[in-house]
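Engineer: Just need the structure, nothing else, for what follows:
(2 chains)
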2 protein chains.
Amino acid sequence: MSLVVMKFGGSSVGTPERMKRVAERIIEKQKAGDRVVVVVSAMGDTTDDLIDQSKQLNPNPPAREMDMLLTTGEQISIALLSMTIHGLGHKAISFTGWQAGIVTEAVHGKARIQDIDPKRIFEALDQGNIVIVAGFQGMTEAGDITTLGRGGSDTTAVALAAAIEADVCEIYTDVDGIYSTDPRVVPNARKLDEISYDEMLELAHLGAAVLHPRAVEYAKHYNVKLVVRSSFTHNEGTSVKEEANMEQGVAVRGIAFDKNVARISILGVADVPGVLASVFGALAQNGIDVDIIVQSGVQDGKADFSFTVSLDDRAKALEVIESIRSQVPYREVTSEDNLVKISIVGAGMVSNPGVAAQMFATISSLGVSIKMVSTSEIRLSCIIQAEPLHEVVRALHTAYGLDTADQAFVGGPKERR
Amino acid sequence: MSLVVMKFGGSSVGTPERMKRVAERIIEKQKAGDRVVVVVSAMGDTTDDLIDQSKQLNPNPPAREMDMLLTTGEQISIALLSMTIHGLGHKAISFTGWQAGIVTEAVHGKARIQDIDPKRIFEALDQGNIVIVAGFQGMTEAGDITTLGRGGSDTTAVALAAAIEADVCEIYTDVDGIYSTDPRVVPNARKLDEISYDEMLELAHLGAAVLHPRAVEYAKHYNVKLVVRSSFTHNEGTSVKEEANMEQGVAVRGIAFDKNVARISILGVADVPGVLASVFGALAQNGIDVDIIVQSGVQDGKADFSFTVSLDDRAKALEVIESIRSQVPYREVTSEDNLVKISIVGAGMVSNPGVAAQMFATISSLGVSIKMVSTSEIRLSCIIQAEPLHEVVRALHTAYGLDTADQAFVGGPKERR
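Structural biologist: As a prediction, this is how the structure comes out:
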């Protein structure tokens, strides 16, 4: 008898029909002899509707009250899912975050889980219940309701799985699993059977929307076995775990790309200590995340450097740089969009020195110039012009042997939480 | 500086405009120097919408999960109202029932409040907040969410007022106060300045929808001063308290009527001990409330008796009586609708023996026959044919001097909670 956590996103329970299908799926799991804890997100557009309502009354609402408001979305889901299971003749009980013993830090809108006391969950399981827990929410020690931020329901599921020492945490979504790249772009994209936490983390950070990076971090930290699979089929899905098998000779697991990127270059900056700290300190204070940073060589005591931000932050970043011109004199600022960040990810890259050269050669062979490069131990990213993106992805997919081997990345609509 | 509880019903916060008006009204009260605790119901149709959603998934959902579902309605209200007050530049904090320290018995759907620990409320007030509490809900000692049933938000307001020893509990609604009778029926109906708890209880039980009887019982028990007033005007409203002034020589405070009534008669029942207990025991077990009961004289060892039930319960009551025919043999059952229960209420009736005779005479003078009669110390009710109801009410209103004196009953659409 296994102890299983099943997590369903908002689109999986967005209509009464889908809710019933999810209920049947859960009952099936219990009938197979498992003890089942379910984590569920708010249904469909509930969260967006609540946000819209709040904006009509206060465009800048306090975060504590926003958490009070948004957590009702998951509370509605757990109650309805529990009722549905009862209607099908099985025992179920729903718990809000605080009832499930989920204690978070006292931060609203993006709290981190500090502790979980699973006493009530075990009692309810011992009474033969399917236990249904609201995702995305917790309670501070002082008794205030908090939310975990984007991807919060994934995090709830993984943290619960760790707390109750579940055998597996299954993340049900509207795609079959993790793919070697976006199947809408590369018809040969293949579903991966396995992927390591580190590879998944790189892909998650790169915009693969199926699993939230924080949830993957939790899973890695507590060594929770994750399986990403479809709510709508019984296909196997993708296992995410510490060590994932690599096909012989294949260094790259998957290919990700992100169009939400703009480059900003600051030219002719005096090369004195502290200049970079001033620039990036000012950007950070304004809530702007900087991704890739490249500094070119110094000439005549002046340096040029470039960095990328998300497209949304481009205008604000330019304002910030203008505002610090008196502290950090420079000659000129340029910026560019219509770019894409394309990345290859694979734990096997470390021991394959030719991988980077192959990426550069493949991209160049299509007449595309590489504007910036960034690396980690298991990832290599290039900023290139946005066109012809699909050709580049397909060429890389073939070059790294992914058309036939085992692979990563994810298509499909993004689930919010 | 007073400590005030203000309760707003669902229709008072049903639109963003109304929510803003309510927020302004609350701020006004705080600016006048009062410490303010607000109790609010679910907005407009929220509760009905949630019930509809649940019925699609399970027509007979477990009460615990129904409470989990329905309490989100008030949680949404408190969050949005708090945000609205923040948007107007004032400090506010929202509390669910459990955060406000409201502990109830472990019954779902209609729990009674057992205890309130107002620690967090006082802390929040001391920090200068307007405190906003979700009506209709509480928590069991085991940590389950409960609801208080119909009229629950009124009960929350009164119970909180008692727990924090508020100077007054103001019930804001969509009518000006308590009227001598329904102003839609009697144009001369007048708003009462004062009414006693006992009179209000009789009127509330008789269907005056502005205040729930349980809330009035709480108010009487804890001697909480209630004021019923309009959310939309600054008119004075009606005070509900222990002793209310009566105009000189006026015994009747108000006139109520209820069309939701059916008469059932069981004829030719053997007059043996335990017969009434069998009949009414069976009805009670089936959840049918019986109101007026009349037994006529015994003839040849057989008795006839009649009682009233709500129209909705008529068919079920007839089934129950049919089902016990073997235990309680009878000759015949008849039933009748198209009736109305008309009642006069007033603390002064006790000392005015002519009041009943005047009611019978007034009704008879219009050619209307009286089918059943029931009395309490401060109430006299007659079951009469439904037509001409309005003439009867007007005639009684005049006969008891209510056209010119001080008065009771309530028109306007009913607020759910």
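Engineer: For the residue in the stretch 251-400 of chain A that chain B sits nearest to, give me the pLDDT.
Structural biologist: Of all residues in the stretch 251-400 of chain A, residue A:287 sits closest to chain B, at 21.3 Å by Cβ to the nearest Cβ. C-betas here are computed from N, CA, C, even on glycine. pLDDT, residue A:287: 85.
Engineer: I'd like to know how far the residue nearest the centre of chain A sits from residue B:22.
Structural biologist: Nearest residue to the geometric centre of chain A (Cα atoms, centre = their mean): residue A:212, 2.7 Å. Distance of residue A:212 to residue B:22, computed by Cβ to Cβ, to the nearest Å: 38 Å.
Engineer: Equivalent analysis for residue A:342, please.
Structural biologist: For residue A:342, the distance to residue B:22 - Cβ to Cβ - is 54 Å.
Engineer: for residue A:366, same thing?
Structural biologist: 63 Å.
Engineer: same deal with residue A:60?
Structural biologist: Residue A:60 is 20 Å from residue B:22, by Cβ to Cβ.
Engineer: got the residues of chain A near chain B?
Structural biologist: A:16, A:19-20, A:50, A:53-54, A:56-62, A:64-66, A:68-69, A:71-72, A:75-76, A:78-80, A:82-84, A:86-87, A:93-94, A:96, A:99, A:120, A:143-145 (Cβ under 8 Å from any Cβ of the partner chain).
Engineer: On the three-state scheme, the residue of the stretch 251-400 of chain A closest to chain B is what?
Structural biologist: Under DSSP: H, G, I helix; E, B strand; the rest coil, the three-state class of residue A:287 is coil.
Engineer: and it, how many residues sit next to it?
Structural biologist: 8 (other Cβ atoms under 10 Å in any protein chain shown).
Engineer: I'd like to check which residues are in contact with it.
Structural biologist: Listed by Cβ atoms under 8 Å, 6 or more residues apart in numbering or on different chains, the contact set of residue A:287 is empty.
Engineer: One more: residue A:262?
Structural biologist: A:308-311, A:313-314, A:335-337, A:339.
Engineer: what's the answer for residue A:67, then?
Structural biologist: A:108-109, A:137, A:144-147.
Engineer: Now, those that are in strands?
Structural biologist: A:137, A:145-147 (DSSP state E).
Engineer: Can you lay out the residues you listed as CSV showing neighbour count?
Structural biologist: As requested, the ones in strands among the contacts of residue A:67 are arranged in CSV below (neighbours: other Cβ atoms under 10 Å in any protein chain shown):
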residue, neighbour count
A:137, 28
A:145, 29
A:146, 30
A:147, 28
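Engineer: ok, of those residues, which one's closest to residue B:223?
Structural biologist: residue A:145 (34.3 Å; Cβ to Cβ).
Engineer: where does chain A have low pLDDT?
Structural biologist: A:205-209, A:246-250, A:405-417 (pLDDT under 70).
Engineer: how is it carved up into domains?
Structural biologist: A:3-174, A:262-336 (automatic domain parsing).
Engineer: taking these together, which one is wrapped up most tightly?
Structural biologist: Mean neighbour count (mean count of other Cβ atoms under 10 Å in any protein chain shown) peaks for domain A:3-174 among the domains of chain A, with a mean of 22.
Engineer: end-to-end on that domain?
Structural biologist: 23 Å (Cα to Cα, to the nearest Å).
Engineer: now the helices: where do they sit in the stretch 301-417 of chain A?
Structural biologist: A:314-323, A:354-365, A:389-399 (DSSP state H, counting those that start in this stretch).
Engineer: So for residue B:251, which of those helices sits nearest?
Structural biologist: The nearest among the helices of the stretch 301-417 of chain A, by Cβ to Cβ, is helix A:314-323 at 75.0 Å.
Engineer: what does that closest one rub up against?
Structural biologist: Residues from elsewhere that reach helix A:314-323, judged by Cβ under 8 Å, 6+ apart: A:262, A:264, A:266, A:279, A:282-283, A:286, A:288, A:309, A:333, A:335, A:337.
Engineer: mind redoing it with 6 Å?
Structural biologist: By Cβ atoms under 6 Å, 6 or more residues apart in numbering or on different chains, the residues outside helix A:314-323 that reach it are A:262, A:264, A:282-283, A:286, A:288, A:309, A:333.
Engineer: Which ones among those residues lie within strands?
Structural biologist: A:262, A:264, A:309, A:333.
Engineer: ok, so what distance separates the residue in chain A sticking out farthest from the centre from residue B:361?
Structural biologist: Residue distances from the centre of chain A (Cα atoms, centre = their mean) peak at residue A:300, which lies 43.6 Å from the mean C-alpha position. Distance, residue A:300 to residue B:361, by Cβ to Cβ: 114 Å.
Engineer: Equivalent analysis for residue A:210, please.
Structural biologist: 81 Å.
Engineer: again, but for residue A:219
Structural biologist: Taking Cβ to Cβ, one finds residue A:219 at 83 Å from residue B:361.
Engineer: Of these two, which one has the most company?
Structural biologist: With neighbours defined as other Cβ under 10 Å, residue A:219 and residue B:361 compare such that residue A:219 has more, 28 against 11.
Engineer: give me every residue that touches that one.
Structural biologist: Neighbours of residue A:219 in contact, by Cβ under 6 Å, 6+ apart: A:158, A:226.
Engineer: residues of the helix or strand where it lies that come out buried?
Structural biologist: Element membership of residue A:219, judged by DSSP states H and E, is helix A:213-222. Residues A:213-220 are the ones in helix A:213-222 that count as buried (16 or more other Cβ atoms under 10 Å in any protein chain shown).
Engineer: Which of the residues you listed sits closest to residue A:103?
Structural biologist: residue A:218 (15.0 Å).
Engineer: Could the C-alpha coordinates of stretch A:81-89 be exported in CSV?
Structural biologist: Output in CSV follows, covering the C-alpha atoms of stretch A:81-89 (Å, rounded to 0.1, in the frame of the first residue of the first chain):
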residue,chain,number,x,y,z
LEU,A,81,-14.2,18.0,-5.1
SER,A,82,-14.9,16.4,-1.8
MET,A,83,-18.7,16.6,-2.4
THR,A,84,-18.2,15.1,-5.9
ILE,A,85,-16.3,12.2,-4.3
HIS,A,86,-19.0,11.7,-1.7
GLY,A,87,-21.6,11.8,-4.6
LEU,A,88,-19.7,8.8,-6.1
GLY,A,89,-20.0,6.9,-2.8
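Engineer: Report the distance from stretch A:385-398 to the chain centre.
Structural biologist: Chain-centre distance of stretch A:385-398: 23 Å, with Cα atoms, centre = their mean, to the nearest Å.
Engineer: What lies in contact with it?
Structural biologist: A:181, A:185-186, A:255, A:338-340, A:362-363, A:366, A:403.
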